[in-house]
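A.B. asks: Give me a model of this one.
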Amino acid sequence: MRQFVALGLIGSALFATTAVAATTDLDMIDRAVVDFTGSQIGQPGGARLPVDRRLKLSPCHTPLDLSWFGRDQRSVQVACPTAGWKIYVAVDGGAVGGARGAPAPTKALVRRGESVSILVRGNGFTLTRQGEAVEDGAQGEWIQIRADGKRSETLRAMVIRPGQVGIQLP
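C.D. replies: I've put the predicted structure just below:
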């Protein structure tokens with residue numbers, strides 16, 4: 001009988017350890033923010049700091065949903081639709097404004113006629129498709145694009161980084 005009790009206690013301890021260890025990898029969130037902004041942590045346009053390592057977020061079993069947050073896009077909202085959590089990561093300079101509120105340079109990251117990757121994000125999903133820019137655009141600007149194979153229909157998408165534009169669905 002003592003063996004069963006001891007095994008039960010060990011099993012409970014292992015389960016408790018596993019439950020505590022089963023959290024979302026914060027390094028994964030940092031990498032997702034770098035991919036989303038196109039800039040490294042601490043660099044202009046990137047996250048100001050890594051995600052706070054004290055966070056214990058429930059595991060996310062679906063792709064993270066990232067979007068710009070705020071009128072000046074000074075934060076990235078990172079959400080896990082299935083786990084029900086969302087966090088906000090401060091961005092240095094934002095996608096539209098530069099450091100200390102100065103306007104961002106208008107250097108085009110996407111040129112007319114350039115092949116672009118189109119990210120379409122919705123609640124709980126992200127799709128990627130190739131397309132072509134119909135006009136030049138700098139980071140954070142909305143430009144006309146055309147999906148591959150659709151010569152007449154154009155869409156509006158925001159320039160995320162060189163060669164990548166995005167559309168956020170409600």
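
A.B. asks: which residues of the protein fall in strands?
C.D. replies: Here the chain has its strands, by DSSP state E, at 65-69, 75-80, 85-90, 115-122, 125-133, 142-147, 155-161, 164-168.

A.B. asks: Show me what the residue nearest the centre of the chain is bridged to.
C.D. replies: When C-alpha atoms, centre = their mean is applied to the chain, the residue found nearest the centroid is residue 66 (3.3 Å). Counting by DSSP bridges, residue 66 forms beta bridges with residue 78.

A.B. asks: give me every residue that touches it.
C.D. replies: By C-beta atoms under 8 Å, 6 or more residues apart in numbering, residue 66 lies in contact with 32-33, 36, 76-79, 121. Just so you know, the C-beta spots here come from the backbone N, C-alpha and C atoms, and that holds for glycine as well.

A.B. asks: just to revisit the earlier point, closest one to residue 51 among the strands of the chain?
C.D. replies: Of all these, strand 85-90 sits nearest to residue 51, with 6.4 Å by C-beta to C-beta.
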